[in-house]
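1. when you get a sec, could you give me coordinates for this:
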Amino acid sequence: PPDIPLDIQLVVLCIEHCLVCLFVDIKSKMVRFLHLVRPIMCVLPEVASPDRKIPLREKLLWTSITLFIYLVCCQIPIYGIQSAKSSDPFYWVRVVLASNRGTIMELGISPIITSGMVMQMLAGARLIEVDHNVKEDRALFQGAQKLFGILITIGEAIAYVLSGMYGDVGSIGAGNALLIITQLFCAGLIVLTLDEMLAKGYGLGSGISLFIATGICETIIWKSFSPTTINTGRGTEFEGAIIALFHLLITRNNKIQALKEAFYRQNLPNLTNLLATILIFVVVIYFQGWRVNLPVKYQKYRGQEGNYPIKLFYTSNMPIILLSSLVSNLYFISQLLYNRAPTNILVRLLGMWQETEGSGGQKIPVGGVAYYISPPRSLAEIIYDPFHAVFYFVFILTSCALFSKTWIEVSGSSARDVAKQLRDQQMVMKGHRDSALIHVLNRYIPTAAAFGGMCIGALSILADLSGAIGSGTGILLAVTIIFGFYESFVKEQHEGAGAQF
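-> Numbers count the residues shown, from 1 in each chain. Take a look at the predicted model:
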């Protein structure tokens, strides 16, 4: 303005310029968070990328070796522990974490999942700037995720020891405590390395998926063919459902009664549980094929067209993984508080726990919030407490739908992100203008995410109520992971890698 002296105007302009420069400098330092990882990249363990196309047979070999190493680690007990026979506070989350209590695979894939989800959410929320089209950014992002995973491994190992899971620290001694932490840390590094090896193309799928599916399938096979004998009060019986069938048919004079007992025996796996598991497998595989194919075409090359598939399970098994992690953490906190202050009103409101017949020494929720978000264990329990059943159904369906819709926003798979990817590839929706691309995708992707999440939740409920072997969450994870491995195998064959077969 003309009424303000020129020297004052110059001072104001200088201050504005300094503030702008300061803001740009601060912003550039904040968003280039990944550059902080660059000096540490040289000391992080890393698997070299393959310098050639890995044939399918070699991928199957490396996948088998990875699986063998994981299974061996699941059987190596931790040296130096005092006791691991108390109620397991992480019982409810082990199916998702592919961990085995009392072994060096105690942590399972927890560090990988935690670091991956946190980094993905930070990138999806634009709290850190990552350009996945730039090779250096991809390498720094993976390095940051790996470093975070290593730090989480150390933190969880220390927390497990200090919490008294393996005995009082004063009883086991500082040397044994340090030895336990070292064993868990080394096992965590092995898991990180195996997962990176498969992710870089040496094998099929990812280590996370492989370990989860293996643990679940191992449980199903064991409960079907276990030769362990148990005295149930009606005589000695085999734990495995199929072996128990033949044992009952051979040892019982009344064959009809033997068949009924094999199908409906209580507190042990039976044939009804096994048939329910097979039914859930078939239903999930059937729904995996549901998709909407949106026709797309290239802008530059005429005549080249294709389809962009939007699956019903758009976010795959991520909703049930997130929900399971949330519920399991709530169970852990509730059980920990109830053991310390069982008479506190707020603690009892959060959850009440006790051992019941058939729980195998594991405490289960019998009251409070933890009880109402746990699945009914039988049809009789649904009739006895219908409010529990209705609350559980609504909670699972709503949570899965919300988690699914939230995940597409933070994982870079929303309609806006997909539209950007298609534009970067110079592709447009056939029969629509380029400006209408986001509008068209918004009609399908959010709906598929929410409805698909609800379907995942409904299938989990069905699996729990039908008594399928394992949990509903576990079966859904196993089926979706195995189906993903099958798709990878078929893709490798179509690319010609399986011609030697």
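2. looking at it, Leu204 is touching Met197, isn't it?
-> No. The pair Leu204 and Met197 does not pass the contact test of C-beta atoms under 8 Å, sitting 11.6 Å apart. (Glycine included, C-beta is placed from N, CA and C.)
3. out of these two, which sits in the more crowded spot?
-> Using other C-beta atoms under 10 Å as the criterion, Leu204 and Met197 rank with Leu204 on top: 23 against 19.
4. ok, now which ones touch the residue nearest the centre of the chain?
-> The residue lying closest to the centre of the chain (C-alpha atoms, centre = their mean) is Ile321, at 4.3 Å. For Ile321, the contact set (C-beta atoms under 8 Å, 6 or more residues apart in numbering) comprises Val96, Ile113, Leu477.
5. one more time with 7 Å
-> Val96 (C-beta atoms under 7 Å, 6 or more residues apart in numbering).
6. phi, psi for the nearest residue to Gln145 once chain neighbours are set aside please.
-> In this structure, Gln145 finds its nearest non-sequential neighbour in Met119, 4.7 Å apart by C-beta to C-beta, 6 or more residues apart in numbering. The phi/psi pair for Met119 (degrees, to the nearest 10) reads phi -60, psi -40.
7. from Glu196, how far out is Met119?
-> 14 Å (C-beta to C-beta, to the nearest Å).
8. list the contacts of the residue nearest to Gln145.
-> Phe141, Ala144, Gln145, Phe148.
9. for this protein, which spans come out with low pLDDT?
-> For the chain, the stretches with pLDDT under 70 are 1-34, 83-87, 89-90, 92, 124-126, 132-133, 301-304, 356-361, 434, 496-501.
10. surely Glu492 meets Pro55?
-> No. The pair Glu492 / Pro55 is not scored as a contact, 8.7 Å apart, by C-beta atoms under 7 Å.
11. where along the stretch 151-300 of the chain do the helices fall?
-> 169-197, 207-225, 241-251, 255-264, 271-288 (DSSP state H, counting those that start in this stretch).
12. not counting sequence-adjacent ones, nearest residue to Leu71?
-> Closest to Leu71 by C-beta to C-beta, 6+ apart is Thr214, at 7.1 Å.
13. now for the closest residue to Gly215 other than its chain neighbours, how many residues are close by?
-> Leaving aside its sequence neighbours, Gly215 sits nearest to Ala98 (C-beta to C-beta, 6+ apart; 4.6 Å). Other residues lying near Ala98 total 28 when counted by other C-beta under 10 Å.
14. same check, this time on Leu476
-> 28.
15. same check, this time on Asn273
-> The burial count for Asn273: 21, using other C-beta under 10 Å.
16. now swap in Phe489 and tell me
-> Neighbours of Phe489 (other C-beta under 10 Å): 17.
17. same deal with Glu305?
-> For Glu305, using other C-beta under 10 Å, the count is 12.
18. OK, contacts around it?
-> If you count contacts by C-beta under 7 Å, 6+ apart, then Glu305 has Pro295, Val296, Lys297, Lys430 around it.
19. out of the residues you listed, which are buried?
-> Val296, Lys297 (16 or more other C-beta atoms under 10 Å).
20. closest one to Leu337 out of the contacts of Glu305, please.
-> For the contacts of Glu305, the residue nearest Leu337 by C-beta to C-beta is Val296; the value is 53.0 Å.
21. please enumerate the helices of the stretch 401-501 of the chain.
-> Using DSSP H, counting those that start in this stretch, helices in the stretch 401-501 of the chain cover 415-424, 437-442, 445-465, 472-494.
22. mean neighbour count, those: which tops it?
-> Most buried of these by mean neighbour count (mean count of other C-beta atoms under 10 Å) is helix 445-465; its value is a mean of 22.
23. got the angle between that one and helix 472-494?
-> 120 degrees (axes from the mean of the first three to the mean of the last three C-alpha atoms, to 10 degrees).
24. which elements pack onto helix 445-465?
-> Judged by 3 or more C-beta pairs under 7 Å, 6 or more residues apart in numbering; DSSP states H and E, the packing partners of helix 445-465 are helix 271-288, strand 305-311, helix 318-340, helix 386-410, helix 415-424, helix 472-494.
25. verify the contact between Gly143 and Pro39 for me.
-> No. Counting by C-beta under 7 Å, Gly143 sits too far from Pro39 to count as a contact (10.5 Å).
26. settle it for me: which of these two has more neighbours?
-> Using other C-beta under 10 Å, the more surrounded residue of Gly143 and Pro39 is Gly143, with 18 against 8.
27. three-state assignment of the more buried one?
-> Secondary structure, DSSP: H, G, I helix; E, B strand; the rest coil: Gly143 is helix.
28. need the contact list for it.
-> Contacts of Gly143 by C-beta under 7 Å, 6+ apart are Val37, Met41, Leu44.
29. dump the residues you listed to CSV, plus secondary structure and distance to Leu336.
-> Below are those laid out as CSV (DSSP: H, G, I helix; E, B strand; the rest coil; distance: C-beta to C-beta, whole Å):
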residue, secondary structure, distance to Leu336
Val37, helix, 34
Met41, helix, 38
Leu44, coil, 34
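30. nearest to Ala187 among those residues?
-> Leu44 (17.4 Å).
31. surely the closest one touches Phe148?
-> No. With contacts counted by C-beta under 7 Å, Leu44 stays clear of Phe148, the gap being 10.9 Å.
32. comparing those two, which residue is more hemmed in?
-> Phe148 (19 against 14).
33. list the contacts of the more buried one.
-> Counted by C-beta under 7 Å, 6+ apart, Phe148 has contacts Ser115, Val118, Met119.
34. measure Tyr70 to Ile212 for me?
-> 11 Å.
35. actually, Gln299.
-> Gln299 is 41 Å from Ile212, by C-beta to C-beta.
36. okay, those two: which has more neighbours?
-> Using other C-beta under 10 Å as the criterion, Gln299 and Ile212 rank with Ile212 on top: 25 against 12.
37. leaving out the residues flanking it, which one is nearest to that one?
-> Ala98 (4.8 Å).
38. Ile69 contacts Leu194, correct?
-> Yes. Contact criterion C-beta under 7 Å: Ile69 and Leu194 qualify, at 6.4 Å.
39. the two: which has the busier surroundings?
-> The residue with more neighbours, out of Ile69 and Leu194, is Leu194; 27 against 14, by other C-beta under 10 Å.
40. relative to helix 169-197, how tilted is the helix or strand hosting Asp137?
-> Under the criterion of DSSP states H and E, Asp137 resides in helix 135-162. Put simply, helix 135-162 runs at 160 degrees to helix 169-197, going by the same axes, to 10 degrees.
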